[in-house]
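Chemist: Predicted model follows, preceded by the sequence.
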Amino acid sequence: MDPRPASRRQRLRVPGAACAALLCSVALGAATPAQAFSGGNHERITRAALGAAGWHPASLTAMADGNSGAIVANDHGEYFGIGKLHCDNADYLDPRYDSRYPRTRGQADAEIIDCIDSSVHNFKRAVAAADRLVDANGHVVAAQTSISPACDWNDRPGRAKCEVLEDLGRGWHQIEDFYAHSNWVDQAGPGAVGVKNPPGLGRTDLPAFFSIARYSSMSRPDWAKDATAHIPHDLATGCYPDRDHTGTVSDCANRVTHDGVLNKDTKDTPRSAVGHNFDRAYDLAVKDITRQWNNFKDELQRRYPNNGRAQAMICAITHDHPDKTC
């Protein structure tokens, strides 16, 4: 592993109007570290999945770089403080472990659904942006497929390839984070299960509720019902002081937390060392990004079947000079 300093930082977040009154500049200056899968580990996961799929070097770097790639766009600026973009705040502890736990299973499910929704949203955007990579006859459009100068991950209209990479990266980031922030793959530590040592599910399969491509063609109520049915009763992600699905900054008092409890963002956290939990999270994240990329390609084939357009789009995304090689 090459765990770099985490790109997320714990900060006090309050609405702008209140910020001045509370001297937010002082509060923000007193930041203390927190972590998502570190930028270096996001990079390694994404490179492992997409490199094996034949992405060319510059295109792979644009997507996967741990400091400036699309895969870590959610760790910069305002996106850092939005819990659904990191699959945070779906914490829960069954009454058999803690009869006074302050969150219900329904509240935890709502956070998981919000996390999935953010990936579905970006998947749809990426599919739509791909239409501009090639013309009606399936020829690559050079001006839309260049990544020089470097793409800006600013959530604004731009070159089609930059938009596709950004939307995929923003949609995949929280899927990668899910494995580091949840108890899906892991084992609990020794001793009693409780708020400081939540149960581990020990799963080795990819979650059915991350069927992003399938959900993109369904109504939100329909896919949300399907996804909820696949959420295990004891699934939890850690509480983190960012905005939950209601827009409220989470108060993590007496809750299963991200920091110090569930997070496996590097090999150095307490939960990572138990039962090879970090390695399990890392390996399943690679498998899921492989799944997401394959499903995205299938969706392009379904949406753009004429004149070889879908295959040209895939080539344009993965190749560094698609106007010459696709």
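Modeler: In hand now; what should we look at?

Chemist: in the stretch 201-326 of the chain, which spans are helices?
Modeler: 212-215, 220-229, 277-303, 309-318, 322-325 (DSSP state H, counting those that start in this stretch).

Chemist: Packing partners of the second one?
Modeler: Applying 3 or more C-beta pairs under 8 Å, 6 or more residues apart in numbering; DSSP states H and E, we find helix 220-229 packed against helix 105-130, helix 212-215. C-beta coordinates here come from the backbone N, C-alpha and C atoms, glycine included.

Chemist: got it, and the fourth one?
Modeler: The elements that helix 309-318 packs onto, with contact taken as 3+ C-beta pairs under 8 Å, 6+ apart, are helix 160-181, helix 277-303, helix 322-325.

Chemist: Pull out the buried positions in it.
Modeler: Across helix 309-318, burial judged by 16 or more other C-beta atoms under 10 Å covers R309, A310, Q311, A312, M313, I314, C315, A316, I317, T318.

Chemist: okay, the residues you listed in JSON lines with pLDDT next?
Modeler: As requested, the buried residues of helix 309-318 are exported to JSON lines (pLDDT from 0 to 100):
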{"residue": "R309", "pLDDT": "98"}
{"residue": "A310", "pLDDT": "98"}
{"residue": "Q311", "pLDDT": "98"}
{"residue": "A312", "pLDDT": "98"}
{"residue": "M313", "pLDDT": "98"}
{"residue": "I314", "pLDDT": "98"}
{"residue": "C315", "pLDDT": "98"}
{"residue": "A316", "pLDDT": "98"}
{"residue": "I317", "pLDDT": "98"}
{"residue": "T318", "pLDDT": "98"}
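
Chemist: among these, which two are most distant?
Modeler: R309 and T318 (15.2 Å; C-beta to C-beta).

Chemist: any idea which helix or strand of the chain has the worst average confidence?
Modeler: Scoring the helices and strands of the chain by mean pLDDT, DSSP states H and E places helix 24-29 at the bottom, with a mean of 28.

Chemist: Nearest to N137 among the buried residues of helix 309-318?
Modeler: R309 (8.3 Å).

Chemist: Name the nearest residue to that closest one, sequence neighbours excluded.
Modeler: Ranked by C-beta to C-beta, 6 or more residues apart in numbering and with sequence neighbours excluded, the top spatial neighbour of R309 is G138, at 4.6 Å.

Chemist: secondary structure element for that neighbour?
Modeler: Using DSSP states H and E, G138 sits in no helix or strand.

Chemist: Over to T269: give its phi and psi.
Modeler: phi -90, psi 160 (degrees, to the nearest 10).

Chemist: residues near the closest residue to it other than its chain neighbours, how many?
Modeler: Leaving aside its sequence neighbours, T269 sits nearest to N263 (C-beta to C-beta, 6+ apart; 5.5 Å). N263 has 28 neighbours, counted by other C-beta atoms under 10 Å.

Chemist: This completes my enquiry, with thanks.
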